[in-house]
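>>> Got a predicted model here, sequence first, then my questions.
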Amino acid sequence: MDPRIEDYALIGDEQTAALVGRDGSVDWLCLPRFDSGACFARLLGDEDNGHWRIAPKGVDGPCTRRAYRRDTLVLDTEWDTPDGRVRVTDLMPQRDRAPDLVRIVEGLDGRVTVRSTLRLRFDYGSIVPWMRRSRDHRVAVAGPDAVWLRSEPPVRTWGEDFGTHSEFTVAEGESVAFVLTWHPSHERRPPQIDPYDALRVSVRDWRAWVARCRYDGPHRDAVVRSLITLKALTYVPTGGIVAAPTTSLPEQIGGVRNWDYRYSWLRDSTLTLGALVTAGYRREAEEWRNWLLRAVAGDPADLQIMYGVAGERRLSEVELPWLSGFAGSTPVRIGNDAVNQLQLDVYGEVLDSLALARSTGLSTRPHMWSIQRSLMDWLRDHWRQPDEGLWEVRGGRRQFVHSKVMVWVAADRAVRALEEYGHLEGDLDGWRAMRDEVHREVCEKGFDAERNTFTQYYGSRELDAALLLIPRVGFLPADDPRVLGTIEAIREDLGHHGFLRRYSAAEATVDGLPGDEGAFLACSFWLADALHASGRTKEARELFERLVGVANDVGLLAEEYDPVGARQLGNFPQAFSHIGLVNTALALFGEHRAG
């Protein structure tokens, strides 16, 4: 069977997440955090790397239908069989102490025999735990990890082929609930939860959260699903948001562009804050802003582009040779060496985020301005350096135009803060001069007058979809002829069957990697934003419709899309894609906001 990234749905408890396939198998789950070792890693290997499938006996293929319950992260998967209909409801309730995975099997019609096959494999599918019985429980232990499995009412389980199996029959109105609970193996088992009460509370709490959404325009369901996804990708103890809950889902099937996205990127901060504040989620926006302040605190020279969900700095990249990769796409990586790159644009994104927080009335912190001033002092001395750019290229540093534009943003936001808030102190004249110098240099060295377009880096003929953000950040107005020319050039050179690539992967000297990739969904949303800002709203809305249409059956988007193969690519679901959907919907249909 050809595996497809869009075959999966997401469940989670705002500290970690699981991916559930159309066949009723949980194929990815890291415990206890997003970036912990996976105990189910079939997603990147095979059944022996860990999974948990619950489905009608004898049914090997996908379900008949599936959907999230309205305005929740509770997933219902149903099968129609010759013997009747059955539903499996999957959720991860918000935890008090330990993470729980709840799977409730319910008979809807007739009598259906259901089979459960559980294969736990700790450390990304490499370690088979020791399994034992403890009254009505099965207990798996290996090293630091312990997992308890129970069912209500109890059903018989047996061990076979290094897995735990059960088989039972449910008639209409009957149900069996399974609960899988993790805890550190040196600690006592945490208190048991009631799975049915957990379901009721989860549905209630998710719907109460969605009720705070201020958007009530076209494609509201897609916007709400994107907001729920961003909430699910939030590590609630700190407010950090992971880029995706997965690692190494390929940007090209069979290729090597496979990265670990289970961390928090600084560059997502401005777009995330804007989406949350405008949609009505100020508390979540403040928590994200507070995570950002903690992450960037310290010597500005040590600023990283990404951090762990609690602000960890060491994210060393290693390969896992025992995993065969999604659809044979290797290597499988954990950690991300891009953490060591110089990416000057993040300074602009941090200062832009804090300016946005201030202008939208988020609460202030005493040290906010001192952090910004330190960042500006460092940037003024180092902004002329080449860097790896926002796409984290591995082909060497360049004078990337987007990086310099974001340096301008940093200086601009610092100058504006001094001009608008009289109590702040800083080098107003020096920062103004820096801002003007950066602007002149970008317009001179980063603009191709012959083709009337900005370029990827100084002296290059290549283009970059990130240049579409020039009007959004205020570097030039949307109706400037240079901006209009850049939009057209990017559409022509980077257009890909109605969508947009982020840059030309053919110039491997910049990218440093072999192979190709799909259309980058966030960039396609940026194109819609740029078209709308330049007065071409009809075209922008048509593009937005296409983008919404590539979401899978439960409304989720990966990082990229292959319009030729009609399949999603890259880590999944991707926060950047869903942030793009929310922000573009708010831009195109912003009049449909309550309050």
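Good, I have the coordinates. Residues are numbered from 1 along each chain as shown.
>>> Distance check, residue 226 against residue 532.
Distance, residue 226 to residue 532, by CB to CB, to the nearest Å: 18 Å. Any C-beta I mention is one placed from the backbone N, CA and C, and that applies to glycine too.
>>> which SS state does residue 431 fall under?
helix (DSSP: H, G, I helix; E, B strand; the rest coil).
>>> what number of residues lie near it?
Residue 431: 24 surrounding residues under other CB atoms under 10 Å.
>>> OK, contacts around it?
The contact partners of residue 431, by CB atoms under 8 Å, 6 or more residues apart in numbering, come to 376, 380, 411, 414, 415, 418.
>>> hmm, 10 Å instead?
The neighbourhood of residue 431, defined by CB atoms under 10 Å, 6 or more residues apart in numbering, consists of 373, 376-377, 379-380, 410-418.
>>> Repeat that for residue 166.
Applying CB under 10 Å, 6+ apart, one finds that residue 166 lies in contact with 54, 114-118, 138, 149, 151, 154-158, 176, 178.
>>> List the beta-bridge partners for it.
residue 116, residue 157 (DSSP bridges).
>>> So which of the contacts of residue 431 are in helices?
373, 376-377, 379-380, 410-418 (DSSP state H).
>>> Tell me if I'm right that residue 111 and residue 57 touch.
No - between residue 111 and residue 57 there is no contact under CB atoms under 10 Å: 11.7 Å.
>>> what residues are shared contacts of those two?
Residues within reach of residue 111 and of residue 57 at once, by CB under 10 Å, 6+ apart, are 81, 83, 169.
>>> Quick one: the helices in the stretch 451-595 of the chain, in order.
In the stretch 451-595 of the chain, the segments counted as helices under DSSP state H, counting those that start in this stretch are 470-473, 481-494, 508-511, 521-533, 537-549, 575-588.
>>> List only those of the contacts of residue 431 flagged as buried.
Buried residues within these, defined by neighbour count using 16 or more other CB atoms under 10 Å: 373, 376, 379-380, 410-418.
>>> For this protein, which residues score under the pLDDT cut-off?
Residues of the chain that meet the criterion pLDDT under 70 lie in 1, 505-509, 591-595.
>>> go with 80
The chain contains residues with pLDDT under 80 at 1-2, 135, 366, 505-515, 591-595.
>>> coming back round to it: got a winner among the shared contacts of residue 111 and residue 57 for most neighbours?
Highest neighbour count within these: residue 81, with 19 neighbours (other CB under 10 Å).
>>> what's the nearest residue to that one if we skip its chain neighbours?
residue 56 (5.0 Å; CB to CB, 6 or more residues apart in numbering).
>>> roughly how far apart are the one you found and residue 102?
Distance from residue 56 to residue 102, by CB to CB: 20 Å.
>>> and the angle for the helix or strand harbouring residue 441 with helix 481-494?
Remark: residue 441 resides in helix 428-445, with elements defined by DSSP states H and E. On the basis of axes from the mean of the first three to the mean of the last three CA atoms, to 10 degrees, helix 428-445 is oriented at 50 degrees to helix 481-494.
>>> How about helix 428-445, which residues are buried there?
Buried residues in helix 428-445, counting neighbours by 16+ other CB under 10 Å, are found at 431, 432, 434, 435, 438, 439, 441, 442.
>>> Reduced to three states, what does the residue lying closest to the fifth one once chain neighbours are set aside come out as?
Distance criterion CB to CB, 6+ apart; nearest residue to residue 438, sequence neighbours excluded, is residue 408 at 4.4 Å. When classified by three-state DSSP, residue 408 comes out as helix.
>>> correct me, but residue 408 touches residue 475?
Yes - using CB under 10 Å, residue 408 is in contact with residue 475, at 5.8 Å.
>>> intersection of neighbour lists for these two?
Applying CB under 10 Å, 6+ apart, one finds that residue 408 and residue 475 are jointly contacted by 438, 439, 442.
>>> pretty sure the last one contacts residue 404?
When you say that, I think you mean residue 442. Yes - under the criterion of CB under 10 Å, residue 442 makes contact with residue 404 at 4.9 Å.
>>> Quickly list what's touching both of the two.
By CB under 10 Å, 6+ apart, the residues touching both residue 442 and residue 404 are 458, 475.
>>> Isn't residue 9 up against residue 88?
No - here residue 9 does not reach residue 88: they are 11.6 Å apart, not a contact under CB under 10 Å.
>>> And residue 13, how close does it get to residue 74?
Remark: distance between residue 13 and residue 74 (CB to CB) = 12 Å.
>>> got any residues that touch both of the two?
91, 92, 93, 202.
>>> count of neighbours near the second one?
Pointing back at residue 92 there. If you count neighbours by other CB under 10 Å, residue 92 ends up with 25.
>>> Chain neighbours aside, what residue packs nearest to it?
Using CB to CB, 6+ apart and skipping residues adjacent in sequence, the residue nearest residue 92 is residue 13, 4.0 Å away.
>>> The third one too?
In space, residue 93 comes closest to residue 198 once its chain neighbours are excluded; the distance is 4.0 Å by CB to CB, 6+ apart.
>>> ok, now which ones touch the one you found?
With contact taken as CB under 10 Å, 6+ apart, residue 198 is in contact with 74, 91, 92, 93, 94, 100, 102, 104, 177, 179.
>>> Name the member of these with the most neighbours.
residue 91 (27 neighbours).
>>> surely that one meets residue 101?
Yes - if you go by CB under 10 Å, residue 91 and residue 101 touch, sitting 8.2 Å apart.
>>> which neighbours do those two share?
With CB under 10 Å, 6+ apart, residue 91 and residue 101 have common neighbours 11, 12, 13, 18.
>>> Distance of the third one relative to residue 549?
In this case it means residue 13. 30 Å.
>>> which one of these two has more residues nearby?
Counted by other CB under 10 Å, residue 13 and residue 549 do not tie: residue 13 has more neighbours, with 20 against 8.
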